[in-house]
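Visitor: when you get a sec, could you give me coordinates for this:
(chains A, B, C and D)
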Protein chains: 2
Amino acid sequence: MIKRKKPRDIEQTLIKRLQDKGYRLTPQRREIIKLLSRDKSHPGAMDILHKVKKIVPGISMSTVYYTLDMMKKEGLIRELEYYDTDNRYEINIKDHINLVCTKCRKITDFTGNVPSFSKAVEKETGFKPASMRFEYYGICRDCEK
Amino acid sequence: MIKRKKPRDIEQTLIKRLQDKGYRLTPQRREIIKLLSRDKSHPGAMDILHKVKKIVPGISMSTVYYTLDMMKKEGLIRELEYYDTDNRYEINIKDHINLVCTKCRKITDFTGNVPSFSKAVEKETGFKPASMRFEYYGICRDCEK
DNA sequence: TGTTAATTAGGAATCATTCCTATTATGATA
DNA sequence: TATCATAATAGGAATGATTCCTAATTAACA
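Guide: Numbers count the residues shown, from 1 in each chain, chains lettered A, B, ... in the order given. All right, here's what the predicted structure looks like:
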């Protein structure tokens, strides 16, 4: 039985955590959070700008980046960095494998169970893993058709 | 018993594979290949430029990028892409985990055994993995001291 | 040794992201 | 509810690794 939180709850939790940390709640932030808690497509800054603009027309790219950067620093979201595409953002901050479609560029989470190697790595090499990034590149089910 | 090829052999193999594919062997390419087959630090284009310049003083950044790009396309090397640092290059094209030190930026290969999840991913999600990128970020043994 | 197409050098262009600054508006306080 | 301090925003300029462009050079062939 997998327990999956409702978007509305995720949204409220994020807002509360921001306010507890002393950040102000602006319409721009509210909408960015709302979007990220519902949109599982791992949107980029430009996607976010365009989608939020429908609700908050005046929002600027600066604000999108400023907000994402702040939430990233506070550990509320995770940034997936790419050099050949724009960076992507996700609220799933738990360790997991991302499946990157090289055709449509969509990114999905692999929710299956994945054992951790960090202990083995540290034991064998002395390197102490603090975070990870596991990605598979390939063709998603939709593009395969 | 791990079989590890000598740098000299790796170098000769790469040169032969290039020539077999019809590419010309220039002093610039010879030195870039020589460097990559010996330098396991996962150097970036700028590193490669500076190091090769000691042997081939006139070499330009364009040539470094052109050569790396060509070798990448031919599957001779692997490019690790980062948006917050310059990209890195390695001759180890087999699937493996890279250990990225967030302090000194050095990257090392984890040579331990790692099971593949690609079959499980395809079975569970329909996504067909073609390649992967597994990285651990943390502090390397040298920086830990 | 000459030929020719691949390769190179140098510099301009690209573009997502970061940086900068004046203006605006949130949230605390009275 | 109005005032205020300052966090947040908008807009645009700056950044920098990489890509693109073109003329000059050179490796590899006969």
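
Visitor: residues of chain A that sit close to chain B?
Guide: A:81-84, A:87, A:97, A:99, A:101-102, A:108, A:110, A:112, A:114-115, A:117-118, A:120-121, A:124-141, A:144 (CB under 8 Å from any CB of the partner chain). The C-beta positions use only the backbone N, C-alpha and C, and glycine is treated the same way.

Visitor: excluding its backbone neighbours, what's nearest the residue of chain A most remote from its centre?
Guide: Distance from the C-alpha centroid of chain A, by CA atoms, centre = their mean, peaks at A:E124 (31.2 Å). Ranked by CB to CB, 6 or more residues apart in numbering or on different chains and with sequence neighbours excluded, the top spatial neighbour of A:E124 is B:G112, at 5.2 Å.

Visitor: touching, that neighbour and A:S118? I think so.
Guide: No. Taking contacts as CB atoms under 8 Å, B:G112 lies outside contact range of A:S118: 11.6 Å.

Visitor: comparing these two, which residue is more hemmed in?
Guide: A:S118 (17 against 13; other CB atoms under 10 Å in any protein chain shown).

Visitor: how about the contacts made by the residue minimising distance to the centre of chain A?
Guide: The residue lying closest to the centre of chain A (CA atoms, centre = their mean) is A:E90, at 1.0 Å. Residues in contact with A:E90 (CB atoms under 8 Å, 6 or more residues apart in numbering or on different chains) are A:L36, A:K40, A:H42, A:I77, A:R78, A:L80, A:I107, A:D109.

Visitor: can I assume the third one sits in a strand?
Guide: Think A:H42. No. Looking at A:H42 with DSSP: H, G, I helix; E, B strand; the rest coil, it is coil, so not inside a strand.

Visitor: quick check: which ranges of chain A have low pLDDT?
Guide: Where chain A drops to pLDDT under 70, the residues are A:1-3.

Visitor: quick one: stretch A:8-21 near DNA strand C?
Guide: Yes. Judged by CB under 7 Å from any atom of the strand, stretch A:8-21 and DNA strand C are in contact via A:Q19.

Visitor: which element follows the strand ranked longest in chain A toward the C-terminus?
Guide: The single longest strand within chain A, with elements called by DSSP state E, is strand A:128-139. As assigned by DSSP states H and E, the chain's next helix or strand after strand A:128-139 is helix A:141-144.

Visitor: dump the C-alpha coordinates for that next one into PDB.
Guide: Provided in PDB are the C-alpha atoms of helix A:141-144 (Å, rounded to 0.1, in the frame of the first residue of the first chain):
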ATOM      1  CA  ARG A 141       6.100   4.500 -23.400                       C
ATOM      2  CA  ASP A 142       4.200   7.300 -25.200                       C
ATOM      3  CA  CYS A 143       7.000   7.900 -27.700                       C
ATOM      4  CA  GLU A 144       7.500   4.200 -28.200                       C
END
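
Visitor: tell me which residues of it are tucked away?
Guide: Judged by neighbour count (16 or more other CB atoms under 10 Å in any protein chain shown), helix A:141-144 contains no buried residues.

Visitor: same check on stretch A:102-119?
Guide: Across stretch A:102-119, burial judged by 16+ other CB under 10 Å covers A:R105, A:K106, A:I107, A:T108, A:F110, A:V114, A:F117, A:S118.

Visitor: I'd guessed the fourth one sits against A:K40; true?
Guide: Yes. With contact taken as CB under 8 Å, A:T108 and A:K40 are classed as touching, separated by 7.4 Å.

Visitor: hang on, the earlier thing: ok, of the contacts of A:E90, which come out buried?
Guide: Taking 16+ other CB under 10 Å as the criterion, what is buried in those is A:L36, A:H42, A:I77, A:R78, A:L80, A:I107.
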